[in-house]
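J.: what follows is a predicted structure for the sequence shown.
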Amino acid sequence: MKTIAELQAIRDKAREKMAVREGDSDNIRVIVGMATCGIAAGARPVLNAFVDEVAKRHLNNVTVTQTGCIGMCQFEPIVEVLVPGKEKVTYGKVTPEKVAKIITDHLVNGSPVAEYTVGNLMK
Amino acid sequence: MYRSHVLVCGGTGCTSSNSQKIIEALEREIAANDLTEEVKVVKTGCFGLCALGPIMIVYPEGCFYSRVQEEDIPEIVSEHLLKGRIVTRLLYDETVGKDEIKALNETDFYKKQVRVALRNCGVINPESLDEYIAMDGYQALAKCLTEYTPEQVIQVITDSGLRGRGGGGFPTGRKWALCAPNKAPQKYVVCNADEGDPGAFMDRSVLEGDPHCLVEAMAIAGYAIGATKGFVYVRAEYPIAVKRLQIAIDEAREAGLLGKDIFGSGFDFDMEIRLGAGAFVCGEETALMTSIEGNRGEPRPRPPYPAVKGLFGCPTVENNVETFANIPQIILKGAEWFASMGTEKSKGTKVFALGGKIKHTGLVEIPMGTTLREIVEEIGGGIPNGKKFKAAQTGGPSGGCIPASLIDTQIDYDNLIAMGCMMGSGGLIVMDEDTCMVDIAKFFLEFTVDESCGKCTPCRVGTKRLLEKLDKITKGNGTLEDIDELEALCHYIKENSLCGLGQTAPNPVLSTLKFFRDEYVAHVVDKKCPAGVCKSLLHYEIVADKCKGCTACARVCPVGAISGTVKNPHSIDVNACIKCGACMEKCRFGAIVKK
C-alpha cells in the first residue's frame, strides 16, 4: 500500500458490504412478508431485488428485512415500508419489476406508489 | 450483496462450547434452503458474554441468540433466515422486553461498557483485512506516517495519559520517549502476549477478535521509536490467537502494510511471532526477552532498562496487547478524547475478565473509575444462588483482594495500590461467603511456587516457606506466631526478589491478612474454618432428630462411613469419613450438617 487513497477506496467498498450490520433505528425499513404464503407467491425474488437495488444505489439509510404472515395472504408478496415519522405503507402483489419504482418514488423521493398499495388492490 | 449477516463467535470460549460445529451446521442448512447467495456467515472474535456461549447475532435485525446448540440451527435457518420469524426462545432473555426486542447495548451487561480495546471484537471477521479497514483500520498508521513526526506520535500518546495495561501501569508515552533518543543500528518493538494470570483472557480476545489492530499499533510504535522489527511473544496455549495473528501479519504484508516503504513514507517495518512454552515468569519483561533470544526464560536485573539495552542487547519497547489495542484509536480520535475518560491519573478504559461466583462471567471493558459495585452487581449480574458478596480478587497471583466493605471504591491503578491490590492484567475473581480467604491465599501461593523460575533465593525458597505455613494453618496446626512470621516473611520476599513475580507473590497473603485476619485467627485459635472450606477443620454430622433413616446417605458414601438401619437415625464414623460432602448433597431432609 503506497497511498492513503488506496486505503480509503478499500474502506469505502468494505463498508458498503458491512452496512447490513448497522442496526440504525433511524433507518427506513423495508419489510418483506416471507411466511410460507409469501414465499409461495414469490417473495424471495422480491426480497433479493430490494437488497440488490438498495446496494446498487448506495442507500445507506435503508434496512431490508423479512417478517412472517400478516394475514392477507391473497395479496402476497406483501412489502411494508416504514419511513420514520411517517405512516406505514403496505404494498401488495409486489414483483421484482415493481421494486425499482417503489425505491425511486418512495424511498428516494418520499412519495408512496399509490397504485401498488394494498388499499388500491382492495378497491 | 447479502441481505443478512450471521455473526457467530469464534473465540476460544465459544469454540470450546462447539461454535465451530454450529458454523458448519449453519452453512449446511443455508445451502439446503438455497440461501447461500443471500445470507453470509461471519466467524468473529469474542463478544465478551462468555457465560451465554455459543453466541450468534443475526443482522439486520440484530437478534442476539445465546447458548445456541447444533440442533437449533435448522429452526434458525428455516424460521428466521428464510421466513423472518425470530426464534424468541433462543434470544438472550435480557433483550426480550415487552412487545419489543431490545438492542444488545441496552442490556445491563453492555450498557455501561465503553469498548475501545475490544471495539472490533465480535463485530468483524478477524481473518479479513477488508473488514478491519472498513472499521477505519490502518488509518491511524497512515496518519502517523504522513502527518506526524515520531516525536509528535509520542507526544499524542503521552498526552492521552495511557498507562501500561499489563500490570505495572507505567505511562506508555514515557516508555516510548525513553527509548526513542537511544541511537542504535537496530531497535525492537515487542508485544507481550504471554497472558499468564489465571482467569484473565483479554489479550487473547484482542488477538482472536481484532489481530490487525495489534499489527497496526506495533507498526506505529516502531515508527515512533525508530524500530523496524517487531516480535509478538504469545503463549502456545492460545492456538486460535496464534493462527489469526499469523493470518493478519501475512495479509498486512501482502497488502504492503508491513514491509518496505509503507505508505510511500520510507518507513520499513516487519514483525514475527514467537511462541512461549507456558512459563508464568516469561510474562515478566526481561524474562520474556531472554526467552525470545532463545535462552531459558529467566529475568535479569535492571538497570540497564530495556529502553537502553533490551532484546538482543538493543533498545526495545515492550508493551502488552491491550495497551497496543488502544493506540490506533488514540491517534485517530486524539489524546483529549482518551484523556476525557477515566480518573485523574488513570485514563481511558480497562478490560476486566469477570470470573468466579458471578452470573455473567466474561469480558467487560469499562471506563477507569467505575466502582466495584457497578461491575459486580450491575454488569456482572450479581452473585448466583442468593449468596453474599465477600471479596473480589484483582491482579491474579500478584494482586490482592478487595473486601465487601470497600465495594464502592472506584477502580483505577492508584486506588487499587492504596488498598494493597494491583490492577494486574485485569482478572477479577468474585468470591462469595462460601470462600475461605486462607484457602484462596494458599491457592495463589501454590501457583507462584510452581511458577517461580528459581533464579533468586527469596522467591524460590521464600514462597515455598510461605506455602508451608499456609498449609499448616489450613490443617489446624498453626499458631499465632505462625501468622506473625508469615507476615514478616512476606515483606522480606517483596523487598528482596529479583523480578516482579517474587516482588508481588506475597500480595495475596498480605491483603487477605489485612482484611481477613480474623479468619486466620479462627483457623489458628478456634481450629475452625468459618467458610467451611478447609477439610481438616470440619466434620460432618447427622442430626438424629431430622434423620428419617432413608439410607440415601449410606448408599452414596464412597467409603462406607455411614451406618444405620432403615427408618432409624444413621451416624457417620468421623475417622473413616473423607469429607467429600456427597451425603450432604444427597440428604433430602437437611439432616446432615457441616461443622
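T.: Sure thing, it's come through. Numbers count the residues shown, from 1 in each chain, chains lettered A, B, ... in the order given.

J.: helices of the stretch 451-595 of chain B, residue ranges please.
T.: B:457-474, B:480-496, B:500-504, B:507-521, B:552-556, B:582-586 (DSSP state H, counting those that start in this stretch).

J.: so which of the ones you listed comes closest to chain A?
T.: Ranking the helices of the stretch 451-595 of chain B by proximity to chain A (C-beta to the nearest C-beta) places helix B:500-504 first, at 38.9 Å. In this view, the C-beta of every residue, glycine as well, is placed from N, C-alpha and C.

J.: can you list the weak-confidence ranges in the chain?
T.: Reading this off chain A. Chain A contains residues with pLDDT under 70 at A:23-25.

J.: please refer instead to chain B.
T.: Using pLDDT under 70, chain B drops low at B:99.

J.: need the longest strand for it.
T.: For chain B, the strand that runs over the most residues, judged by DSSP state E, is strand B:267-276.

J.: list the neighbouring strands of that one plus their orientation.
T.: Strand B:267-276 sits in its sheet next to strand B:229-235 (parallel), strand B:259-262 (antiparallel), going by DSSP bridges.

J.: can you list the domains in chain B?
T.: Using automatic domain parsing, the domain parsing of chain B gives B:4-104, B:129-338, B:349-432, B:437-526, B:539-594.

J.: could these go into TSV alongside mean neighbour count and distance to A:Val62?
T.: As requested, the domains of chain B are exported to TSV (neighbours: other C-beta atoms under 10 Å in any protein chain shown; distance: least, C-beta to C-beta, whole Å):
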stretch	mean neighbour count	distance to A:Val62
domain B:4-104	19	10
domain B:129-338	21	19
domain B:349-432	21	31
domain B:437-526	19	54
domain B:539-594	15	57
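
J.: need phi/psi at the residue in chain A positioned nearest to chain B.
T.: For chain A and chain B, the shortest gap (C-beta to the nearest C-beta) falls at A:Gln66, measuring 2.7 Å. Main-chain dihedrals, A:Gln66, degrees, to the nearest 10: phi -120, psi 170.

J.: report the contact partners of it.
T.: A:Ile31, A:Val32, A:Gly33, A:Met34, A:Ala43, A:Leu47, B:Lys83, B:Gly84 (C-beta atoms under 8 Å, 6 or more residues apart in numbering or on different chains).

J.: so which residues on chain B come close to chain A?
T.: B:1-5, B:7, B:37-38, B:59-62, B:82-85, B:103, B:123-124, B:130-131, B:133-134, B:136-139, B:142, B:146, B:255-257, B:261-264 (C-beta under 8 Å from any C-beta of the partner chain).

J.: tell me which of the residues you listed fall in helices.
T.: The members of the residues of chain B next to chain A that map onto helices under DSSP state H are B:Asp130, B:Glu131, B:Ile133, B:Ala134, B:Gln139, B:Ala142, B:Thr146.

J.: and the nearest residue to B:Cys577 once chain neighbours are set aside, how close does it get to B:His539?
T.: Closest residue to B:Cys577 apart from its sequence neighbours, by C-beta to C-beta, 6 or more residues apart in numbering or on different chains: B:Ala561 at 4.4 Å. Per C-beta to C-beta, to the nearest Å, B:Ala561 is found 11 Å from B:His539.

J.: any common contacting residues for the two?
T.: B:Ile572, B:Val574, B:Cys577.

J.: how about JSON lines for those, with distance to B:Cys456 added?
T.: Putting the shared contacts of B:Ala561 and B:His539 into JSON lines (distance: C-beta to C-beta, whole Å) gives the following:
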{"residue": "B:Ile572", "distance to B:Cys456": "48"}
{"residue": "B:Val574", "distance to B:Cys456": "45"}
{"residue": "B:Cys577", "distance to B:Cys456": "43"}
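
J.: just confirm B:Val317 is within a strand.
T.: Yes: using DSSP: H, G, I helix; E, B strand; the rest coil, the assignment for B:Val317 is a strand.

J.: what about it, distance to B:Ser346?
T.: 21 Å.

J.: cool, B:Tyr223 as well?
T.: 26 Å.

J.: do the same with B:Pro569
T.: When B:Pro569 is compared with B:Ser346 (using C-beta to C-beta), they lie 60 Å apart.

J.: next, the closest residue to chain A within chain B: phi, psi?
T.: Per C-beta to the nearest C-beta, B:Gly84 is where chain B lies closest to chain A, at 2.7 Å. Dihedral pair for B:Gly84: phi 80, psi 20, per degrees, to the nearest 10.

J.: from what I see, it and A:Val64 are in contact.
T.: No: contact criterion C-beta atoms under 8 Å: B:Gly84 and A:Val64 do not qualify, at 10.7 Å.

J.: what's the overlap in contacts for those two?
T.: A:Val32.

J.: contacting residues for the spatially most central residue of chain A?
T.: By C-alpha atoms, centre = their mean, the mean C-alpha position of chain A lies nearest to A:Val30, the distance being 3.9 Å. Counting by C-beta under 8 Å, 6+ apart, A:Val30 touches A:Phe50, A:Val54, A:Val62, A:Thr63, A:Val64, A:Thr65, A:Val79, A:Glu80, A:Val81, A:Leu82, A:Leu107.

J.: equivalent analysis for A:Val118, please.
T.: A:Met72, A:Phe75, A:Ile78, A:Thr90, A:Tyr91, A:Gly92.

J.: buried only: go through those residues for me.
T.: A:Phe75, A:Ile78, A:Thr90, A:Tyr91, A:Gly92 (16 or more other C-beta atoms under 10 Å in any protein chain shown).

J.: among the residues you listed, which lie within strands?
T.: Short answer: these in strands (DSSP E) are A:Thr90, A:Tyr91.

J.: just checking, B:Gly10 touches B:Ala241?
T.: No: counting by C-beta under 8 Å, B:Gly10 does not reach B:Ala241; the two are 11.2 Å apart.

J.: any common contacting residues for the two?
T.: The contact lists of B:Gly10 and B:Ala241 share B:Glu208, where a contact means C-beta under 8 Å, 6+ apart.

J.: and the helices in chain A?
T.: Under DSSP H, chain A gives helices at A:4-18, A:36-40, A:43-56, A:96-101, A:118-121.

J.: let me fix that: the stretch 251-400 of chain B
T.: B:285-292, B:321-333, B:335-339, B:372-373.

J.: just the CA coordinates for the first one, please, in PDB.
T.: Right, helix B:285-292. Coordinates of the C-alpha atoms in helix B:285-292 are reproduced here as PDB (Å, rounded to 0.1, in the frame of the first residue of the first chain):
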ATOM      1  CA  GLU B 285       9.500  -8.200  30.500                       C
ATOM      2  CA  THR B 286      13.200  -9.100  30.900                       C
ATOM      3  CA  ALA B 287      12.500 -12.900  31.100                       C
ATOM      4  CA  LEU B 288      10.300 -12.600  28.000                       C
ATOM      5  CA  MET B 289      13.100 -11.000  26.100                       C
ATOM      6  CA  THR B 290      15.600 -13.700  27.300                       C
ATOM      7  CA  SER B 291      13.100 -16.300  26.100                       C
ATOM      8  CA  ILE B 292      12.800 -14.700  22.600                       C
END
